[in-house]
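K.L.:
no sequence for this one, just the structure:
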């Protein structure tokens, strides 16, 4: 074998693209030298684009005459607002059932028990109930309280619903009404506790079925005669005069049947279900709402009455107009009921605080829903009158007509933000007058702060913040203090009230020292510190705040982790970090963040972000010309973050970067360069990820060679090869990505060996031979990997045999292989001998490939590599002919790559036939 001579400079010039001066900059924006081309409309064009038609109405263009009266087109007569209300109600019911968790057993009254027992499904309770549920049931019975399994209760209600639908379908209206009355009676039983919202949703579904069916029946009576003759079609906004006497009589009969129900609450619910049917009788059905609101005052139980008013608010939406005054009356009635209940319960020794709060929690959704619809799409005049009804703007109302904390909370929540801003002082006065058990007063202050933050400007913001901070400073509980302060931090920064910030940090510090922190308090404190970080531009100003670092040190867990990440994120968003004090503080923050990863249960993907933050901090640190101090900082980082591969990788990059900067300055760089290389080498050995470790070895070897440390560079390459030899099969075969990256590394090693001087003592090709030995010792390498590496080694040997190498180590002053060994016959003989062995290994690896197509492609790659590396001889031609035959069998004679390779072979004169 004889290597082919190459003139790399001439080849580069021959393959370079020809250059010529351009008339203009191709990257600059083109000048507008020509007017835009007008679109010429084709009169014969059949396509109509509504977007190109001036003043076109897209919706109108779709309403063609063919659609009118077509049986497939459904024309909706419902008001769009009612459709939205229906969707909102469906979503609200789903939320209501999910909000209150229910135990397996539900306690019920004797009346509910009698209703539920009137079906065939109840007798199966003892057979379908778990043993634990039976034990609970026995306990309830011993205490004199009847009980039923939750799922059994739901099943019975579903059974009632099915029976109701079947009875109506069969024309048995009496049975349907009786079933609806039974279900309505269940709503009088509030002993079910947390199950009551679910009971309310399921029961009202059945009653709404009754309302819809009665509506359709009466409407049918109005539109069709008894014999089925069509009379008229009622419009969406029909009047009572449009309805016939027969339909009115049917409708009135239904209301009479409901009016005969003895119990008050079922009668109210059933009339609410039929409320839209009042439109068939009167033009102002809204009067019925006012009457039902007054009737609801007769329901003594606060929970049952509260949900009854909720259903009043829902059914009122089905009418053409809503009486907001009735909704306000519902809220005020609920307030008086709570105040009366509060006075009775506070004087009772048997009632507990938890039970009272549980009742308020169950009632809150109804208050929230009614309050929302009072202010939804309300006019300014209506808003003004509504807030006066609730005690805003009326200075005398606070003493004579006090409010309830839970009602004030929902009032603040639902008020429009402009109204909140204009009535801020009144809201503060109202909050100060409400300090009852229904809701912690601090939550109202907190909500007010968040609502004020929704607006960019507030008239009385300074006064409000002063009053709130003065009030909250009197609270000793850390939890209450943090909840309120959290809502006003943004307002304090937006209005430059620095004095309040100092007071807040001082207050937090005192309360933490006295008590410590728990979960909810940590979450609030995290929110406060994150807001504080977002408002300051310079990290040094944050660190200089009194008590900031002290408060940060007292935090722990995930909250501390999140705050530390925000600190590092802010620190690394700017330029280099040069201040030693700031570097030390950020180092401690990074160390705490790294330690918290082990203490907090986080997923593997969650570990990456903290590691990236710390890596960015390490990259941003700069000690200027003091390189030794910077290297000492990297040593401290390795000691602190030695358990994370990504951070160790960053440390190696930083160390190599320091070495390169020292080489550029060329001031006593040799000792420092050796220190950097030694630091990198020690750090790399502790990296557990194989591919990362190999890349770091090669990067450090390149830096060492750039500084003239040939022995260090050669040792690093040998360390990388030794690392490959100790690799387990599982490490590389995890996926195609790892295998490809390992292959790429080995090919890069071959490229680096071109500029790395050979070792005269061990032989010029000692390192390539060590790499070649890896092929024989590693069973995890596939035939494709072996073939690619062999091709890279053949190209390496051919390049080392040239008089001039294609590239050298820039400015290193180290003589390359072309200077050291060119013209040495022993050197050339060693290269040829090595290449012959590699070629044989290459052919064997290709033959081991099981896939014919892959084997053909590999054969063509090898053939091209050999043809470009060696002069044609009988031996080389025979090898290439054998490879071409493999490719022909695997790819077919018509393969374009095969034809291209044959043309390359034909360009060389020697053929295997001439050698025979």
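P.N.:
That came through fine. All figures in this text were calculated on a predicted structure; none of them were measured in a lab.
K.L.:
hang on, isn't residue 748 packed against residue 698?
P.N.:
Yes - contact criterion CB atoms under 8 Å: residue 748 and residue 698 qualify, at 6.1 Å. In short, each C-beta sits where N, CA and C put it, glycine included.
K.L.:
look at those two and report which has more neighbours.
P.N.:
Neighbours per residue, other CB atoms under 10 Å: of residue 748 and residue 698, the larger number sits with residue 698, 18 against 15.
K.L.:
just checking, the more buried one touches residue 719?
P.N.:
No - if you go by CB under 8 Å, residue 698 and residue 719 don't touch, sitting 10.4 Å apart.
K.L.:
show me where the protein has strands.
P.N.:
All strands of the chain, identified by DSSP state E, fall at 105-108, 146-149.
K.L.:
now those in TSV, with mean neighbour count, mean pLDDT and distance to residue 117?
P.N.:
Below are the strands of the chain laid out as TSV (neighbours: other CB atoms under 10 Å; pLDDT from 0 to 100; distance: least, CB to CB, whole Å):
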stretch	mean neighbour count	mean pLDDT	distance to residue 117
strand 105-108	22	88	11
strand 146-149	22	86	10
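K.L.:
quick one: closest of those to residue 353.
P.N.:
Across the strands of the chain, residue 353 has its closest neighbour in strand 105-108 (20.8 Å, CB to CB).
K.L.:
who does that closest one touch, helix- and strand-wise?
P.N.:
helix 131-142, strand 146-149, helix 150-169 (3 or more CB pairs under 8 Å, 6 or more residues apart in numbering; DSSP states H and E).
K.L.:
if you set the cut-off to 6 Å instead, what comes out?
P.N.:
Judged by 3 or more CB pairs under 6 Å, 6 or more residues apart in numbering; DSSP states H and E, the packing partners of strand 105-108 are helix 131-142, strand 146-149.
K.L.:
which of these has the lowest mean pLDDT?
P.N.:
Lowest mean pLDDT within the helices and strands packed on strand 105-108: helix 131-142, a mean of 43.
K.L.:
do I have it right that residue 859 meets residue 884?
P.N.:
No - shown here, residue 859 and residue 884 do not form a contact pair, counting by CB atoms under 6 Å, at 7.2 Å.
K.L.:
of the two, which one has the most company?
P.N.:
residue 859 (29 against 18).
K.L.:
quick one: residues contacting the more buried one.
P.N.:
The neighbours of residue 859, taking CB atoms under 6 Å, 6 or more residues apart in numbering as the test, are 846, 883, 886, 887.
K.L.:
where are the low-confidence patches of the stretch 351-500 of the chain?
P.N.:
Filtered on pLDDT under 70, the stretch 351-500 of the chain yields the residue ranges 351-352, 394-401.
K.L.:
now the helices for it?
P.N.:
Along the stretch 351-500 of the chain, the segments classed as helices by DSSP state H, counting those that start in this stretch run 353-375, 380-389, 397-400, 405-414, 417-422, 424-433, 441-453, 461-472, 478-494, 498-515.
K.L.:
so for residue 9, which of those helices sits nearest?
P.N.:
Comparison of the helices of the stretch 351-500 of the chain against residue 9 by CB to CB identifies helix 478-494 as nearest, at 64.6 Å.
K.L.:
could you tell me how far the closest one lies from the centre of the chain?
P.N.:
Counting by CA atoms, centre = their mean, to the nearest Å, helix 478-494 is centred 26 Å from the centre of its parent chain.
K.L.:
ok, now stretch 658-666?
P.N.:
Relative to the chain's own centre, stretch 658-666 is displaced by 44 Å; criterion: CA atoms, centre = their mean.
K.L.:
list the buried residues in it.
P.N.:
658, 659, 662, 663 (16 or more other CB atoms under 10 Å).
K.L.:
repeat that for stretch 741-749.
P.N.:
If you call a residue buried by 16+ other CB under 10 Å, then stretch 741-749 has these buried ones: 742, 743, 745, 746, 747, 749.
K.L.:
export these to JSON lines and tack on pLDDT?
P.N.:
JSON lines is the format used below for these (pLDDT from 0 to 100):
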{"residue": "742", "pLDDT": "84"}
{"residue": "743", "pLDDT": "87"}
{"residue": "745", "pLDDT": "89"}
{"residue": "746", "pLDDT": "90"}
{"residue": "747", "pLDDT": "91"}
{"residue": "749", "pLDDT": "92"}
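K.L.:
what about those, which are in helices?
P.N.:
Of the buried residues of stretch 741-749, the ones assigned to helices by DSSP state H are 742, 743, 745, 746, 747, 749.
K.L.:
buried subset of the contacts of residue 859 as a ChimeraX selection?
P.N.:
Here is the ChimeraX command that selects the buried residues among the contacts of residue 859 (16+ other CB under 10 Å):
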select :846,883,886,887
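K.L.:
could you single out the nearest of the contacts of residue 859 to residue 8?
P.N.:
Distance to residue 8 across the contacts of residue 859 (CB to CB) is lowest for residue 883, with 25.6 Å.
K.L.:
test my guess that residue 310 contacts residue 364.
P.N.:
No - Residue 310 is beyond contact range of residue 364, at 10.7 Å (criterion: CB under 6 Å).
K.L.:
which one's more surrounded, these two?
P.N.:
More neighbours surround residue 310 than the other of residue 310 and residue 364, with 24 against 18 (other CB under 10 Å).
K.L.:
ok, now which ones touch the more buried one?
P.N.:
When contacts are counted by CB under 6 Å, 6+ apart, residue 310 is found next to 366, 369.
K.L.:
can you check the pLDDT for it?
P.N.:
pLDDT, residue 310: 96.
K.L.:
what is the least confident helix or strand in the chain?
P.N.:
In the chain, no helix or strand scores lower on mean pLDDT, DSSP states H and E than helix 58-62, which sits at a mean of 36.
K.L.:
restricted to helices, list the contacts of residue 859.
P.N.:
Among the contacts of residue 859, DSSP H puts 846, 883, 886, 887 in helices.
K.L.:
can you report how many residues lie near the nearest residue to the first one once chain neighbours are set aside?
P.N.:
The one in question is residue 846. Spatially, and ignoring its direct neighbours in sequence, residue 846 is nearest to residue 858 (4.9 Å; CB to CB, 6 or more residues apart in numbering). By other CB under 10 Å, 26 other residues sit near residue 858.
K.L.:
same question, the one 5 residues further on
P.N.:
Using other CB under 10 Å, residue 863 has 24 neighbouring residues.
K.L.:
and what of residue 546?
P.N.:
Residue crowding around residue 546 was assessed by other CB under 10 Å; the count is 12.
K.L.:
cool, the one 3 residues further on as well?
P.N.:
Here the neighbour count serves as a burial measure; for residue 549 (other CB under 10 Å) it reads 15.
K.L.:
what sits closest to it if chain neighbours are left out?
P.N.:
What sits nearest to residue 549 in space, not counting adjacent residues and going by CB to CB, 6+ apart, is residue 543, at 6.5 Å.
K.L.:
distance of that neighbour relative to residue 213?
P.N.:
71 Å (CB to CB, to the nearest Å).
K.L.:
then residue 856?
P.N.:
According to CB to CB, residue 856 stands 76 Å off from residue 213.
K.L.:
and these two? which has more neighbours close in?
P.N.:
Higher neighbour count among residue 856 and residue 213: residue 856, with 24 against 18, using other CB under 10 Å.
K.L.:
confirm for me that the more buried one is in contact with residue 889.
P.N.:
No - using CB under 6 Å, residue 856 is not in contact with residue 889; the gap is 7.1 Å.
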